[in-house]
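[1] Fold the following.
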Amino acid sequence: MTSRLPRIGLALAAAVLLAAIVVTSAVNRRTLYTTTWFDLFDTVSVVKGYARSQAEWDEQMEALHADLLHYHQLFDIYHSYDGMVNLCDVNARAAEAPVAVEDDLYGFLDWCANTIYSETDGATNIAAGAVLSLWHDARESDAPAPPDSARIEQALGHISMENLQLDAAAHTVFFADAAMSLDVGAVGKGYAVEKAAEAAQARGLDSALLNIGGNLRAIGEKANSEGAWTVGVENPWGNEPTYIQTLTLPDGYSLIVSGDYQRYFEYEGVRYSHLIDLTTGYPARYCSSVAILAPAGGGGTGDALSTALFCLPEETGRTVLENAEGYEALWMYPDGSTTQSDGWTGQPTE
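    As a prediction, this is how the structure comes out:
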């Protein structure tokens, strides 16, 4: 009898320990939540992630939405807002005199002009508003049709980055060409998502997947030991399957896709997308879509690269990509074929 007592004691202790582990696991287990917004960047935004309570999730989402809304308003070229000088204000006044802007807008413009423009071989050009506005107006009209070729040719003469003059000491913006204007649609959303995600992580959000109009950004992994986030590359050809490839998105990584199926109009049987080849002034027709896998912290550059590689021949795009360390790409063509960079990690769907 006495020899069995230690064994019984050990078994009892093990049972208590196991029960404690189960209880602790249950207490620490987090719930999956989803939030949807319709007021950001003229698109649908969906964020899903894990939290210990609805209140915790709601608090994080309120702060995240506020950050994204700030950038939405800051980069808006069609509306002004009380309490800030945004791009609409800059476009309206910068040809008359230097316009003072806050640090966040100045830093963004400086990055676009002095880093992104050269890194994308000029294909991502925020000073191209004169051309982009023609196509925007055509796309939004009651009877969409391509702009007159003479107007396009004239507008191409007013997209020089050299005429965007930034004063680092005064934080001012000036247009040396009165006919130029800024449009940051090629890069603004990716930059905003990256900045907002970084701020959310600093506040303690550690398990979420942001999908801001197709710009995907991972924060941590799924909770409850469920592994990394899995995302898909949307089919650009309008048939099945919905996603042609899937890939794992590690913490901090982004997936950004630019395609001719996202915003476009058709005229006399021809599709005209919103992605403009600035060497011609007309929509780029090199491929159907380009997906960029951006490394941790690279969502802004990834957005710029997705636009650039869509608007460049693949050979030129590969040269641009080779100079962007850590970024990978998938090209999708109208005939249903694809090509990819050596480090692309996507796998075809079954």
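
[2] Next up, the contacts around the closest residue to L74 other than its chain neighbours.
    Closest residue in space to L74, ignoring its immediate chain neighbours: N86 at 5.0 Å, by CB to CB, 6 or more residues apart in numbering. For every residue, glycine as well, the C-beta is placed using N, CA and C. For N86, the contact set (CB atoms under 8 Å, 6 or more residues apart in numbering) comprises Q73, L74, F75, D76, S80, L105.

[3] switch to 10 Å and redo it
    By CB atoms under 10 Å, 6 or more residues apart in numbering, N86 lies in contact with 70-77, 79-80, 101-102, 105.

[4] same thing with G343?
    L293, L321, G326, Y327, E328, A329.

[5] Can you tell me which of the residues you listed are buried?
    L293, L321, Y327, E328, A329 (16 or more other CB atoms under 10 Å).

[6] so where is the protein shaky, pLDDT-wise?
    1-27 (pLDDT under 70).

[7] again, only this time at 50
    Where the chain drops to pLDDT under 50, the residues are 1-2, 5, 14-26.

[8] Tell me which residue lies nearest the centroid of it.
    G190 (2.8 Å; CA atoms, centre = their mean).

[9] Looking at the contacts of N86, which one is closest to E315?
    F75 (31.6 Å; CB to CB).

[10] would you list every one of the strands in the stretch 51-200 of the chain?
    For the stretch 51-200 of the chain, strands defined by DSSP state E, counting those that start in this stretch occupy the ranges 99-100, 164-167, 172-175.

[11] Tabulate the buried ones among the contacts of G343 (a markdown table), appending distance to D142 and secondary structure.
    Output for these, formatted as a markdown table (distance: CB to CB, whole Å; DSSP: H, G, I helix; E, B strand; the rest coil):
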| residue | distance to D142 | secondary structure |
| --- | --- | --- |
| L293 | 39 | strand |
| L321 | 40 | helix |
| Y327 | 40 | coil |
| E328 | 41 | strand |
| A329 | 37 | strand |
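
[12] S160: which of the residues you listed is nearest?
    L321 (25.1 Å).

[13] quick one: that closest one from S341, how far?
    6 Å (CB to CB, to the nearest Å).

[14] what do the two both touch?
    I292, L309, Y327, E328, A329.

[15] ok, what's across the strand from the last one?
    Looking back up the chat, that one is A329. Here A329 sits in beta bridges with I292, going by DSSP bridges.

[16] quick one, what contacts it?
    A329 touches 290-293, 302, 305-306, 309, 314, 317-318, 320-321, 339-341, 343-344, counting by CB under 10 Å, 6+ apart.

[17] cool, L109 as well?
    L87, V90, V101, I126, A127, L164, L166, H171, V173, L182, V184 are the contacts of L109 under CB under 10 Å, 6+ apart.

[18] same question, V44
    Contacts of V44 by CB under 10 Å, 6+ apart are T36, W37, F38, N211, I212, G213, G214.
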